[in-house]
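Enquirer: structure here, sequence nowhere to be found:
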Ligand SMILES: [Zn+2]
């Protein structure tokens, strides 16, 4: 199909059936940000695009149209889909749900796109899923302008000490613990590891999970994340949940 | 604008049928009114009854007007085999296309975390009860090879493992009449991994 529209890299965040033969897609593109598009005729028999237009499949796409919902004109695969299985697949859905909830449409985040792609690759490669998820949450918040304060103490601007424990006050940052302060206790080592996207040990993962859950909460509009529930359900079934 | 005519209401109502747009709806309405009033009246009667009386089978969740569907009520069906499908229409398709003689379980969809469709919506607790209480030795997954379908299959496989039940899935890969050149690499990889001896 001849097209003058430029190709862009993208992932499907969510797909749903649209009319009898088409797909309605929520996409995350490197230059486009989050957009909605229709793939006309993708569900007709012997149409191979339906197999391609799935989450975790790197795609080259082109669109036309200016309205809220565009129409896909080109669909090509960049490389095979990321091999996410079991809990890693649920973790992938979790990333997609976060992006669906937090990204506004037509707001490009090229750096976040690169980080998303790298995070999917990590989920596919390592059995320890929590560390990449926490680093992604930190990056997402920073991209949206809600970044965490991770390297300085709010009270006096002193550098965070790995061996110290701080109270992380929501909308503010790490403070010296005192009775007036409310928030989760987080070790300096956890804060610094999050700041540097460094590996987290079991204790740090637990602290980071509590911290990021609290920080993300206000941006989720009071509705629970379905994929987080499912993820927990899976882990409960496997007796792998760290308590 | 006055009250909408009955004719317009009929045309609008017909548009709830899949694949029927305004033009076809008008055509169908005129056809029934001018050429087949008996057929139209019969359709209306059966439709009204079916919409109320047809529910889900209490055992396999397929559509039926009885507590148990005909397949579940049939003692000739092999109780050791359980085929899991997404939609009731797939039970009919498999019955017509294969010589499968086992039982079915209809999920009613597939796992879709972003739409809030989880294990409860798919009746997985009901399925687990059957896995625990019945003498099932093999589960056959006939679920679409989409990402959501794969997640669904994994959730079921994990539950079946608790009861030591073998899980197989229908083969996936090159569609009949499909040309390799046009296949996406995911499909091609699956087809390659599932290769068989040439007999
Ligand atoms: Zn039944």
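Expert: Thanks, I have the structure now. Everything quoted here is computed from the prediction, not taken from an experiment.

Enquirer: in stretch A:137-148, what counts as buried?
Expert: Under the neighbour-count criterion of 16 or more other C-beta atoms under 10 Å in any protein chain shown, stretch A:137-148 has A:137-141, A:143, A:148 buried. Yep, even glycine has a C-beta here, placed from its N, CA and C like the rest.

Enquirer: does stretch B:114-131 reach chain A?
Expert: Yes. Contact between stretch B:114-131 and chain A is present through B:114-116, B:118-119 (criterion: C-beta under 8 Å from any C-beta of the partner chain).

Enquirer: circling back to that earlier point, out of the buried residues of stretch A:137-148, what pair is the most spread apart?
Expert: A:143 and A:148 (12.2 Å; C-beta to C-beta).

Enquirer: in helices, which of the buried residues of stretch A:137-148 fall?
Expert: If you go by DSSP state H, those have A:137-141, A:143 in helices.

Enquirer: verify the contact between residue B:189 and residue A:81 for me.
Expert: No. When contacts are counted by C-beta atoms under 8 Å, residue B:189 is not listed as touching residue A:81 (9.2 Å).

Enquirer: who's more crowded, the two?
Expert: Counted by other C-beta atoms under 10 Å in any protein chain shown, residue B:189 and residue A:81 do not tie: residue A:81 has more neighbours, with 23 against 15.

Enquirer: sec struct for residue A:15, please.
Expert: With DSSP: H, G, I helix; E, B strand; the rest coil as the basis, residue A:15 sits in strand.

Enquirer: rewinding a little: the ones in helices among the buried residues of stretch A:137-148 into a markdown table, with extra columns for pLDDT and distance to chain B?
Expert: Shown next, in a markdown table, are these (pLDDT from 0 to 100; distance: C-beta to the nearest C-beta, whole Å):
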| residue | pLDDT | distance to chain B |
| --- | --- | --- |
| A:137 | 97 | 17 |
| A:138 | 97 | 22 |
| A:139 | 96 | 20 |
| A:140 | 97 | 16 |
| A:141 | 96 | 20 |
| A:143 | 95 | 20 |
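
Enquirer: closest one of those residues to residue A:55?
Expert: Distances from residue A:55 to these, taken by C-beta to C-beta, are shortest for residue A:140, at 17.0 Å.

Enquirer: the longest strand along chain B pairs with which strands?
Expert: As assigned by DSSP state E, the longest strand anywhere in chain B is strand B:78-85. When pairing is defined by DSSP bridges, strand B:78-85 lines up against strand B:102-106 (parallel), strand B:138-142 (parallel).

Enquirer: which strand or helix spans residue B:122?
Expert: Per DSSP states H and E: residue B:122 is located in neither a helix nor a strand.

Enquirer: equivalent analysis for the one 3 residues further on, please.
Expert: Secondary structure assignment for residue B:125, by DSSP H and E: helix B:124-133.

Enquirer: can you map out the helices along the chain?
Expert: Picking chain A for this. When secondary structure is read from DSSP H, chain A shows helices at A:49-52, A:87-102, A:110-125, A:130-143, A:188-195, A:202-216, A:226-238.

Enquirer: oops, chain B please
Expert: With helices called from DSSP H, chain B shows them at B:6-14, B:22-35, B:37-53, B:70-73, B:88-97, B:124-133, B:147-162, B:185-193.

Enquirer: if we can go back for a sec, mind putting the residues of stretch B:114-131 next to chain A into JSON lines with neighbour count?
Expert: Below are the residues of stretch B:114-131 next to chain A laid out as JSON lines (neighbours: other C-beta atoms under 10 Å in any protein chain shown):
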{"residue": "B:114", "neighbour count": "21"}
{"residue": "B:115", "neighbour count": "14"}
{"residue": "B:116", "neighbour count": "14"}
{"residue": "B:118", "neighbour count": "17"}
{"residue": "B:119", "neighbour count": "20"}
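
Enquirer: could you dump those residues to JSON lines with distance to residue B:170 and pLDDT?
Expert: What follows is the residues of stretch B:114-131 next to chain A, written out as JSON lines (distance: C-beta to C-beta, whole Å; pLDDT from 0 to 100):
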{"residue": "B:114", "distance to residue B:170": "26", "pLDDT": "89"}
{"residue": "B:115", "distance to residue B:170": "25", "pLDDT": "89"}
{"residue": "B:116", "distance to residue B:170": "27", "pLDDT": "87"}
{"residue": "B:118", "distance to residue B:170": "24", "pLDDT": "90"}
{"residue": "B:119", "distance to residue B:170": "22", "pLDDT": "91"}
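
Enquirer: out of those, which is nearest to the ion?
Expert: Top of the list for closeness to the ion, among those and by C-beta to the ion, is residue B:119 at 20.0 Å.

Enquirer: related to what we said a few turns ago, any idea which of the strands paired with strand B:78-85 is most buried?
Expert: Highest mean neighbour count of the strands paired with strand B:78-85: strand B:102-106, a mean of 22 (counted as mean count of other C-beta atoms under 10 Å in any protein chain shown).

Enquirer: now do that strand, average pLDDT.
Expert: When pLDDT is averaged along strand B:102-106, the result is 97.

Enquirer: next, see if that strand gets close to the ion.
Expert: No. Figure legend: strand B:102-106 not in contact with the ion (C-beta under 5 Å from the ion); closest approach 6.6 Å.

Enquirer: next, the angle helix B:124-133 makes with that strand.
Expert: 160 degrees (axes from the mean of the first three to the mean of the last three C-alpha atoms, to 10 degrees).

Enquirer: tell me the centre residue of the chain?
Expert: All of this refers to chain A. Compute the mean C-alpha point of chain A, and by C-alpha atoms, centre = their mean the closest residue is residue A:95, 3.3 Å away.

Enquirer: wrong one, chain B
Expert: Centrality entry for chain B: nearest residue to the mean C-alpha point is residue B:87, 1.3 Å, by C-alpha atoms, centre = their mean.
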